[in-house]
Structure formats: structure tokens, C-alpha cells
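K.L.:
Okay, here's the prediction I keep looking at, along with the sequence it came from:
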Amino acid sequence: MSEVMTGQSFADLGLSAAVLKQLEKMNFTTPTPIQLQAIPALLAAQNVLGEAQTGTGKTAAFGLPGLTLLDASLRQTQMLVVAPTRELAIQVAEAITEFGQQQRGLEVATVYGGAAFGPQIKALRTGAQIIVGTPGRLLDMLKKGVLQLQNLRMAVLDEADEMLNMGFIDDIEAIMAAVPAQAQRALFSATMPPAIRKLAKKFLINEAGEQPVNIQIAPKNAAKSTIRQRAWQVRGVTKMVALTRLLETMEYQRVLIFVRTRSDTMEVTELLQRSGFKASPLSGDLNQTQREQTVSQLRSGHIEILVATDVVARGLDVPEITHVINYDLPGDTEAYVHRIGRTGRAGRSGEAILFYRAKEKHLLRHYERLTNSGIEFFEIPTAAELSAHRQQALQDKIVAQIAKGENAELSAIVEKMQQDTGLSATDIAVALLAQQQAARPLIVPADPAPKKFAERPDRADRGDRKRSDKPRAGGRDRRDANVEFDTYRIQVGREHGARPQDIVGAIANEGDIDSRYIGQIQLFDNHSLVELPKGMPTGVLRLLQKARVRQQKMDLTLADVRIAARPPRKPKTDRRPRRFQ
């Protein structure tokens with residue numbers, strides 16, 4: 001949440017006592033500009049059209065009034081939030097859950113594709129008052145009759161332009177058509193392309209014919225950051241391998257690692273502890289006393305690494321933090337500024353490191369603009385470089401030990417071993433190194449060769465070509481000329497209601513594959529063919545086999561046929577009458 005001073009507090013905006021109590025507990029006192037305008041409008045039963053950059057505090061702008069207006073004792077869906085991705089849906093749901101902790105009986109459910117229907121259906125049927133979900137899965141729930149909206153009080157479209165770019169416009173219109181006429185509506189978007197304005201015009205005018213409150217927040221630039229920012233693109237090795245290599249080879253005093261969810265804090269911490277690092281989680285599962293104890297241990301050096309989520313790390317002030325690592329990128333750019341602000345405190349130098357995937361590269365430009373500072377690209381240490389580092393570190397320890405001059409008894413043991421076994425000092429040293437190699441390899445196995453996928457060009461490098469991230473229809477050739485494809489068969493087709501964009505979305509989300517690397521899609525009645533890059537990792541293929549499209553398991557298998565590329569169109573002939581030529 002932004003720290004922009006507006007001269008007003010949340011207490012001035014008409015929010016409920018329970019919401020204000022929780023905000024006070026979270027040390028949130030001053031609303032951002034979007035919150036200052038949207039909260040009173042929504043509390044006054046007006047519809048809202050908000051144009052604001054990611055990171056301006058939009059979740060609280062609709063979440064806080066939504067919590068104030070709902071009845072927690074009524075076990076029915078009263079607020080619906082539609083988000084473009086499951087990651088954003090999870091983040092929004094967690095934020096609203098945090099804001100609503102003082103409201104007894106409140107339930108927030110998250111529904112998104114790629115996960116089992118059972119638990120999500122159960123959450124809806126048990127009466128969660130707030131539903132946050134992605135368009136495709138929400139539409140599925142509506143069609144099943146599980147998502148009941150007759151008591152809905154507020155419907156919110158978050159990051160509407162991103163949903164447009166991902167090809168969800170038809171799903172959004174179907175969902176909004178099911179929203180009761182008397183329910184409030186809010187649409188938030190960083191940009192307002194014509195299709196979004198058309199959507200707003202269609203759904204945001206209320207029953208009385210009144211136009212929505214139009215809120216426009218200009219992006220702000222932060223002062224130039226003094227924190228060094230570096231970014232590594234996730235490829236070749238996993239993020240966990242990259243993280244442990246960085247921590248082992250770089251000089252640091254204290255490190256703060258940001259992950260997306262509470263469960264991630266536990267998982268990453270456990271893996272770091274197994275690797276010998278003094279790490280601890282900092283999550284919402286800890287009570288206030290436990291959090292204070294953890295931070296105290298960080299200051300004292302009993303803990304050197306904290307793994308945390310955005311919410312619990314907000315306001316953390318430990319001058320000894322020299323590095324902030326964005327293991328998962330934040331959901332908004334403002335949160336990124338808050339994250340890196342945890343280092344470089346009290347006039348000290350600091351460093352912020354980002355792990356990003358190819359499809360997230362565009363976010364780095366937002367971070368640069370917001371911090372008024374450049375981001376350097378770097379590569380993590382290779383297996384050979386890590387081996388050299390460990391060997392040098394061991395050599396330094398040996399030299400330091402010899403320099404102490406307190407090794408007479410140990411020298412006698414080595415000499416006796418030589419006499420008893422006939423081994424040389426070199427043989428004994430090699431045997432000891434072999435034990436060291438077994439415990440912590442001095443010779444690290446070589447890294448696997450990275451897959452040669454062509455990197456998607458930045459938007460700035462595409463000339464005047466119009467952006468179109470919508471999945472192409474089955475007959476249109478979408479292949480990248482630099483990528484070789486195999487054809488796969490999936491057990492989903494027209495009879496299941498599948499569309500090309502559904503297949504692209506499932507593969508992109510479940511396999512973490514940029515849509516650039518998803519080739520042609522050909523739909524049949526009971527199955528479909530889809531092109532994917534050659535040499536797909538086994539783990540990714542297993543995930544895709546279990547993924548679902550329109551409730552149907554994909555069961556992806558390699559096909560023995562290929563999709564023929566669409567032949568180029570013949571040039572039009574000049575059909576004008578000869579007398580005009």
C-alpha cells in the first residue's frame with residue numbers, strides 16, 4: 001500500500017469499526033489517492049471506473065468498502081472479484097482476508113483453473129461471502145450452478161486490460177451479464193483501450209442511468225534509488241538452486257527473501273536450512289510476539305536470512321539487511337518499491353536482486369521507472385564457478401589452520417597413518433577430500449544445457465506492430481520461426497466447449513510456458529492437436545497431462561501427425577477492366 005500523504009486518514013472515509021481496527025493493527029493510516037476517491041464512492045453505492053497503474057493500492061480501494069458493506073452473518077456470496085491470473089487472484093484474496101480478520105464468520109474463497117474442482121466447489125457451497133477468481137473457472141462455476149450471485153452486492157473487475165490481453169473478454173462479459181442489476185460494479189485498469197471502455201459503458205451504468213465515478217490516477221515517479229538492482233532470468237536451473245548458489249557465493253550481512261504465499265515461506269526456509277543456511281520464515285501464521293522474536297533474532301545474528309511475504313514484512317526496519325531477493329515478483333510495482341526499501345537503511349548501501357521469467361520481463365521497465373534507476377542483468381554462478389568457490393574457500397581454511405601452528409598432534413596422527421598403511425600424505429589428503437565431496441561437493445555436477453527457446457522481443461523492439469497477445473484461432477499459424485515444434489494430442493475438443501484460448505491459457509499457466517512458444521492449435525470434436533517446443537522437460541509434460549480444459553483432463557500425448565502450416569495467401573489479381581489500365 002502506498003505511503004502517499006493525502007491529509008486524510010482511513011477513519012475519515014466511513015469504513016466500519018472492524019475494518020478500521022484491522023487497518024490500525026496493520027499500521028495502515030493514510031489512504032492513497034485511488035483509495036481516497038474510490039472508497040467513499042463505493043460506500044455511497046456508486047459504480048466506479050478506476051484508471052490507475054498497478055501498485056497504487058487498488059485492492060484496498062475496493063476491498064475495504066466491500067468488507068464494510070457485506071453482512072458476515074449471511075453465508076452467501078456478496079462480493080465477487082475477477083482477476084486475470086491465479087497468482088493475482090491468490091494475492092487479492094490474501095489481502096482481503098488480512099483486511100477482514102476482525103469480522104467474525106468472514107470467508108474468502110479463491111477459484112482458478114488448473115486446480116481440482118472439489119475443494120473450490122465446497123468453498124462456494126459452504127457460503128463464502130467473498131469470491132476471488134479467474135474468468136474461465138468462474139464461468140465454469142456459473143454454468144455448473146455452484147456460483148450463486150442473487151445476493152451479490154458488489155462485482156469488481158481487477159486489471160481489466162490484462163484480462164483483455166489474455167483473451168478473456170468474452171468470459172468477462174458472460175460473468176458480468178450474470179451479475180444482478182442492483183449490484184454495484186467497479187472496474188480497475190492500468191490502461192483504457194477501446195474494448196475496456198466499451199465494457200465499462202455496457203456494465204457500469206447503473207439502473208438509474210447514472211454514469212460511474214471516473215477516477216484517474218497519474219503514475220508517479222520515485223526519487224532516484226541508491227539501491228543497486230540486479231535481475232536474473234530463470235532458466236537452466238531452478239530458482240532454489242539459483243538462490244542457494246547466490247547465498248553461498250555473495251557477501252552479505254542479513255538477507256530478506258520475498259515469496260508470494262505463506263506456504264512458500266515455509267518451503268523455501270526448509271530448503272535453505274537443509275543447505276546449512278541460518279534461515280527463518282516470517283509469515284502471517286506467526287502471532288505478533290513470535291514475529292517480534294524472529295526480527296530480534298535477525299538483528300542479533302542468530303538468524304541471517306528471513307523468508308517473508310509482502311504483508312508481514314511491511315514496515316520491517318533492520319539496518320543490517322544488505323540484500324533483498326525477490327524470489328517471486330510482487331503483484332504490483334508499488335510493492336516492489338516497499339520491498340527493496342527494506343535494504344539500504346540508515347545510509348548504508350543495499351542490493352535488490354530479482355528472479356524473473358521471460359514473460360515477466362516487461363515488469364522490469366516499470367520498476368526502473370518507479371525507482372528512477374536502472375536494473376542490471378546478471379547470471380548466477382555456474383556449476384564450475386561454484387566448484388572453484390568451494391575449493392578456494394576450503395584452501396583458505398586450510399591455510400588459516402596451518403598458520404595457527406597448533407597442529408602437532410594432528411601431524412603425528414598423519415605420520416602414523418603413513419607408517420601403518422604405506423599411504424602418502426597426498427593419498428590421505430585425497431581420502432579426506434573425498435569425504436568432503438560426499439558431504440558438500442567440491443566438484444559440482446555440470447548444469448543441464450538450457451533449452452534454446454527464442455526470447456520474446458520486448459514491446460519496445462517490435463516497431464510499429466500492434467500488440468496482440470490473444471490466442472490465435474486454430475487455423476492461423478502462430479509458430480515462432482526460431483523454435484522447432486512437436487505436435488501433441490489432448491483429449492479435449494469442440495464437444496467439451498474448448499476454444500484455442502482455453503488451451504493456450506491452460507498450457508501457459510500449468511506449464512509456465514510463454515504463449516510465444518505455443519504453436520498452432522487444431523480443434524476436432526473429441527480431441528485437439530497443439531504444437532509445443534521440441535525437447536519439453538518431462539516434469540512439464542507430466543503437469544500438462546494432469547491439467548484440465550473446460551473440466552476435461554488434457555491427457556497430453558505426443559501425436560504421430562503434424563499440423564500443416566497455413567499456406568501463404570496468393571496475391572490479389574488486378575480485376576479492373578482493361579480499359580482503365
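P.N.:
Okay, I see it. Residues are numbered from 1 along each chain as shown.
K.L.:
chain center to the helix or strand where Y336 lies, what's the gap?
P.N.:
Taking DSSP states H and E as the definition, one finds Y336 inside helix 333-340. If you compare the mean C-alpha spot of helix 333-340 with that of the full chain, they lie 14 Å apart, counting by CA atoms, centre = their mean, to the nearest Å.
K.L.:
State the mean pLDDT of that helix.
P.N.:
Mean pLDDT, helix 333-340: 78.
K.L.:
Same question for stretch 18-33.
P.N.:
Summarised as a single mean, pLDDT over stretch 18-33 is 88.
K.L.:
Only alpha carbons, please: show that stretch as CSV.
P.N.:
Only the C-alpha atoms of stretch 18-33 are listed here, as CSV (Å, rounded to 0.1, in the frame of the first residue of the first chain):
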residue,chain,number,x,y,z
ALA,A,18,-14.0,-3.7,12.4
VAL,A,19,-12.1,-2.7,9.2
LEU,A,20,-10.6,0.3,10.9
LYS,A,21,-9.4,-1.8,13.8
GLN,A,22,-7.6,-4.2,11.5
LEU,A,23,-6.0,-1.3,9.5
GLU,A,24,-4.7,0.1,12.7
LYS,A,25,-3.3,-3.3,13.7
MET,A,26,-1.6,-3.4,10.2
ASN,A,27,-0.2,0.2,10.7
PHE,A,28,-2.2,1.5,7.7
THR,A,29,-3.3,5.0,8.5
THR,A,30,-3.1,7.1,5.3
PRO,A,31,-5.1,6.3,2.2
THR,A,32,-3.6,6.5,-1.3
PRO,A,33,-5.2,8.8,-3.9
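K.L.:
still on that earlier bit, which neighbouring elements make contact with the helix holding Y336?
P.N.:
Contacting helix 333-340 under the criterion 3 or more CB pairs under 8 Å, 6 or more residues apart in numbering; DSSP states H and E are the following elements: helix 310-313, strand 321-326, helix 361-371. For the C-beta atoms, the positions are set from N, CA and C on the backbone; glycine is no exception.
K.L.:
List the contacts of stretch 413-428.
P.N.:
Under the contact criterion CB atoms under 8 Å, 6 or more residues apart in numbering, stretch 413-428 has no outside partners.
K.L.:
ends of it, how far apart?
P.N.:
Between the opening and closing residues of stretch 413-428 there is a gap of 11 Å (CA to CA, to the nearest Å).
K.L.:
same check, this time on stretch 50-68
P.N.:
With CA to CA as the measure, the first residue of stretch 50-68 is 19 Å from its last.
K.L.:
Quick one: mean pLDDT for that stretch?
P.N.:
Per-residue pLDDT values over stretch 50-68 give a mean of 86.
K.L.:
picking up where we left off before, turn the helices and strands packed on helix 333-340 into a markdown table, including mean pLDDT.
P.N.:
Listed next are the helices and strands packed on helix 333-340 as a markdown table, based on pLDDT from 0 to 100:
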| stretch | mean pLDDT |
| --- | --- |
| helix 310-313 | 69 |
| strand 321-326 | 94 |
| helix 361-371 | 83 |
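K.L.:
Only the buried residues of stretch 172-189, if you could.
P.N.:
Within stretch 172-189, the residues that count as buried by 16 or more other CB atoms under 10 Å are 172, 175-176, 178-179, 183-189.
K.L.:
farthest-separated two in these?
P.N.:
Using CB to CB, the buried residues of stretch 172-189 span at most 20.8 Å, a distance reached by A178 and S189.
K.L.:
among the helices and strands packed on helix 333-340, which is the most enclosed?
P.N.:
A comparison of the helices and strands packed on helix 333-340 by mean neighbour count, using mean count of other CB atoms under 10 Å, puts strand 321-326 on top with a mean of 23.
K.L.:
so what secondary structure elements neighbour that one?
P.N.:
Strand 321-326 makes packing contacts with strand 254-258, helix 333-340, strand 351-356 when contacts are defined by 3+ CB pairs under 8 Å, 6+ apart.
K.L.:
in the stretch 201-350 of the chain, which spans are helices?
P.N.:
Remark: helices of the stretch 201-350 of the chain, listed N- to C-terminal, are 239-249, 262-274, 288-300, 310-313, 333-340; assignment by DSSP state H, counting those that start in this stretch.
K.L.:
and of the ones you listed, who's closest to V255?
P.N.:
That would be helix 239-249 among the helices of the stretch 201-350 of the chain, by CB to CB, at 6.8 Å.
K.L.:
So which elements touch the closest one?
P.N.:
Based on contacts counted as 3+ CB pairs under 8 Å, 6+ apart, the elements that helix 239-249 packs against are helix 262-274, strand 351-356, helix 383-404.
K.L.:
Now render these as CSV, adding mean neighbour count and mean pLDDT.
P.N.:
Conversion of the helices and strands packed on helix 239-249 to CSV gives the following (neighbours: other CB atoms under 10 Å; pLDDT from 0 to 100):
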stretch, mean neighbour count, mean pLDDT
helix 262-274, 17, 90
strand 351-356, 23, 95
helix 383-404, 13, 89
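K.L.:
Redo these as CSV? Include distance to A52.
P.N.:
Conversion of these to CSV gives the following (distance: least, CB to CB, whole Å):
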stretch, distance to A52
helix 262-274, 27
strand 351-356, 23
helix 383-404, 44
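K.L.:
Tell me which of the ones you listed lies nearest to S373.
P.N.:
Within the helices and strands packed on helix 239-249, the stretch nearest S373 is strand 351-356; the backing value is 9.7 Å (CB to CB).
K.L.:
other SSEs contacting the closest one?
P.N.:
strand 228-233, helix 239-249, strand 321-326, helix 361-371.
K.L.:
Can you check which of the helices of the stretch 201-350 of the chain gets nearest to L204?
P.N.:
Between L204 and the helices of the stretch 201-350 of the chain, the shortest gap by CB to CB is with helix 333-340, which sits at 25.0 Å.
K.L.:
any idea of the angle that closest one forms with helix 361-371?
P.N.:
For helix 333-340 against helix 361-371, the angle by axes from the mean of the first three to the mean of the last three CA atoms, to 10 degrees is 70 degrees.
K.L.:
how about helix 333-340 as CSV, C-alpha atoms only?
P.N.:
Output in CSV follows, covering the C-alpha atoms of helix 333-340 (Å, rounded to 0.1, in the frame of the first residue of the first chain):
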residue,chain,number,x,y,z
THR,A,333,5.1,-2.2,-8.7
GLU,A,334,4.4,-0.2,-5.6
ALA,A,335,5.0,-3.4,-3.5
TYR,A,336,8.4,-3.7,-5.3
VAL,A,337,9.4,-0.3,-4.0
HIS,A,338,8.4,-1.3,-0.5
ARG,A,339,10.4,-4.5,-0.8
ILE,A,340,13.7,-3.0,-1.9
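K.L.:
Identify the residues contacting A72.
P.N.:
Listed by CB under 8 Å, 6+ apart, the contact partners of A72 are 103-106, 129.
K.L.:
Out of the residues you listed, who's the most crowded?
P.N.:
Taking other CB atoms under 10 Å as the neighbour criterion, Q129 ranks highest of the contacts of A72 with 25 neighbours.
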